[in-house]
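Asker: With the input below, show me the fold.
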Amino acid sequence: MSHRLLIVEDDELLCVSLKRLFVKESYNVTAVYSAEAALVALDAEPYDIIITDIILPGKDGIELLSKVKDRYPETIVIVMTSYATLETAIKAFRLGSYDYIIKPVIHDEIKLLVRNALTQLSIKEYDAKSKKTSVSAVPKYDFSSIVGQSPLIKAIIEEVKMIANSKSNVLLLGETGTGKELIAKAIHSNSNRAEAPFVAINCGAIPEHLLESELFGHTKGSFTGAIYSKRGLFEEADKGTVFLDEIGDLSPHLQVKLLRVLDDKEIRPIGSLQSKKVDIRFIAATNSDLYNSVKEGKFREDLYYRLKVITLKLPPLRERGDDIQILAKYFVEKYSLEMNKPIKPIDEDAMKILKSYYWPGNIREMQNVIERAVLLCDSNSIGLKHLPEEIKNIDADTFDQTSLPLSIEEFTKRTIMKYQSKCSEQELASMLGITRKALWEKRKRWGIFKK
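Answerer: As a prediction, this is how the structure comes out:
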């Protein structure tokens, strides 16, 4: 049974956008535009989590939070605000808010926040039921969830089967969007830790000062705004698996602290004088050249070798041959079913474009392209007119045909330069299969901004 989410936001576009985002993540979502409507919905049926704006017509989000915690104390509440202040944050935390997020809302950040909150909820339910149910918030991922028949992906599946029950840490390498988290979940789900938590953390999506508290927890009064003690995600993941995505973005300070966890099997919450033993298997992932970061002094060599006991390199989509066609058909079936649109297979011309495209954002980019195509499709099959212009035109406009093949970095750079004046930041990031933060960092590194 999927988790139930209630979104309370008076900005209709944002409300609809968030609803679609979490429906895609397989949550059961209700969206309303006011606190009064939210209370009516809560009286009708229970919700696991509420995401609410603070500024609402009538009762504001703080009033809603107060009433929810009074009537439904186990419900998780996350507040959104465009005007984050320490006073607002402290007031929300005092009333029992799980966390708050600052607008504009970044999809990857709010998905991570909800996932971590629901992982903690599952653990509380597990404790309450005296270990009669599974604590993992992650559904069982068997190998059928990994779509593809190419020799490269079959080899990855065989390796995952061999290492799943090992205690060894795993390093997943590969470009953005190649399915590293899916592989991490498959490793966890097929290991002897499958009934314990799987906790995914994007090291690049959370500011350093917040990430340390998220990972290690903190004691009451350990820093300004720490008005209660909080268990960290490492403690929540005891006996389970922690997936550290974008490990290359981890700060030097947190690299040292992570190394101590790996060596000593202990964590120490911020402000605490006592350490706690933990049993965690770590799976780390990166789309960057981590070994080069070690040589440049940006990543600790000792941590690098502790994480890469087992290394798996995921192939980019463009190297997976007929898997492009298999995945495209899979996503058409998935989204036509979700949208109740009986669409036949992609026509020959459109499939030819999909198979010849470079796919810098890999599977994640394809998923977005096919979802859009199914949504816009006004006939029995998806044709060229349903594909984004950047997909149809990118071969001629972005590549210098005399210099193929391009590196992924050079391709990304050219794509940003070509489309940044035509697309919003979110659209450009989605096209490349990266976060807005990663897009900003690449622009800064290369000195390319809108004119």
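Asker: Determine the number of other residues adjacent to Lys167.
Answerer: Other residues near Lys167 number 10, with proximity taken as other Cβ atoms under 10 Å. From N, CA and C alone the C-beta is placed, and that goes for glycine too.
Asker: List the contacts of it.
Answerer: Arg281 (Cβ atoms under 8 Å, 6 or more residues apart in numbering).
Asker: and the gap between it and Ile283?
Answerer: Noted for Lys167: a distance of 12 Å to Ile283, by Cβ to Cβ, to the nearest Å.
Asker: and if you look at Leu307?
Answerer: Plainly put, Leu307 is 9 Å away from Ile283 if you go by Cβ to Cβ.
Asker: Need the residues touching each of those two.
Answerer: Shared contacts of Leu307 and Ile283 (Cβ under 8 Å, 6+ apart): Asn169, Leu171.
Asker: Strands of the stretch 251-400 of the chain, start to end?
Answerer: 266-267, 276-277, 281-286, 310-313 (DSSP state E, counting those that start in this stretch).
Asker: let me fix that: the stretch 101-250 of the chain
Answerer: Along the stretch 101-250 of the chain, counting by DSSP E, counting those that start in this stretch, strands occupy 170-173, 198-202, 217-218, 230-231, 241-245.
Asker: Distance to Glu9, mean neighbour count and mean pLDDT added to these, as JSON lines?
Answerer: Output for the strands of the stretch 101-250 of the chain, formatted as JSON lines (distance: least, Cβ to Cβ, whole Å; neighbours: other Cβ atoms under 10 Å; pLDDT from 0 to 100):
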{"stretch": "strand 170-173", "distance to Glu9": "35", "mean neighbour count": "23", "mean pLDDT": "96"}
{"stretch": "strand 198-202", "distance to Glu9": "23", "mean neighbour count": "25", "mean pLDDT": "89"}
{"stretch": "strand 217-218", "distance to Glu9": "30", "mean neighbour count": "22", "mean pLDDT": "89"}
{"stretch": "strand 230-231", "distance to Glu9": "26", "mean neighbour count": "18", "mean pLDDT": "84"}
{"stretch": "strand 241-245", "distance to Glu9": "27", "mean neighbour count": "25", "mean pLDDT": "95"}
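Asker: Out of those strands, which gets nearest to Glu109?
Answerer: In terms of Cβ to Cβ, the element of the strands of the stretch 101-250 of the chain nearest to Glu109 is strand 198-202, at 8.0 Å.
Asker: tell me the angle of the closest one relative to strand 281-286?
Answerer: 30 degrees (axes from the mean of the first three to the mean of the last three Cα atoms, to 10 degrees).
Asker: elements contacting strand 198-202?
Answerer: Applying 3 or more Cβ pairs under 8 Å, 6 or more residues apart in numbering; DSSP states H and E, one finds that strand 198-202 contacts helix 107-128, helix 180-189, helix 208-216, helix 233-236, strand 241-245.
Asker: residues in contact with it?
Answerer: With Cβ under 8 Å, 6+ apart as the test, strand 198-202 has contacts from 108, 112, 115-116, 119, 136-138, 181, 184-185, 188-189, 211, 214-215, 233, 236-237, 240-246.
Asker: just for the protein, where's the confidence low?
Answerer: For the chain, the stretches with pLDDT under 70 are 1-2, 83-90, 120-142, 225, 393-410, 430, 433, 449-451.
Asker: was I right about Ser336 contacting Lys344?
Answerer: No - with contacts counted by Cβ atoms under 8 Å, Ser336 stays clear of Lys344, the gap being 9.1 Å.
Asker: In terms of neighbours, single out the busier of these two.
Answerer: Neighbours per residue (other Cβ under 10 Å) separate Ser336 from Lys344, with Ser336 holding more: 17 against 12.
Asker: distance of the residue lying closest to the more buried one once chain neighbours are set aside from Ile370?
Answerer: Nearest residue to Ser336, sequence neighbours excluded (Cβ to Cβ, 6 or more residues apart in numbering): Ile343, at 4.3 Å. Computed as Cβ to Cβ, the Ile343 to Ile370 distance reads 10 Å.
Asker: contacts for stretch 376-391?
Answerer: Contact with stretch 376-391 is made by 332, 341-347, 349-350, 353-354, 357, 369-370, 372-374, 392, 415, 419, 423, 431, as judged by Cβ under 8 Å, 6+ apart.
Asker: make that stretch 71-82, sorry
Answerer: For stretch 71-82, contacts defined as Cβ under 8 Å, 6+ apart pick out 9, 42, 46-55, 61-62, 65, 68-69, 88, 92, 96-103, 105, 110, 113-114, 117-118, 121, 124.
Asker: ok, back up a step: which one of the strands of the stretch 101-250 of the chain lies closest to Gly447?
Answerer: Closest approach to Gly447 among the strands of the stretch 101-250 of the chain (Cβ to Cβ): strand 198-202, 26.0 Å.
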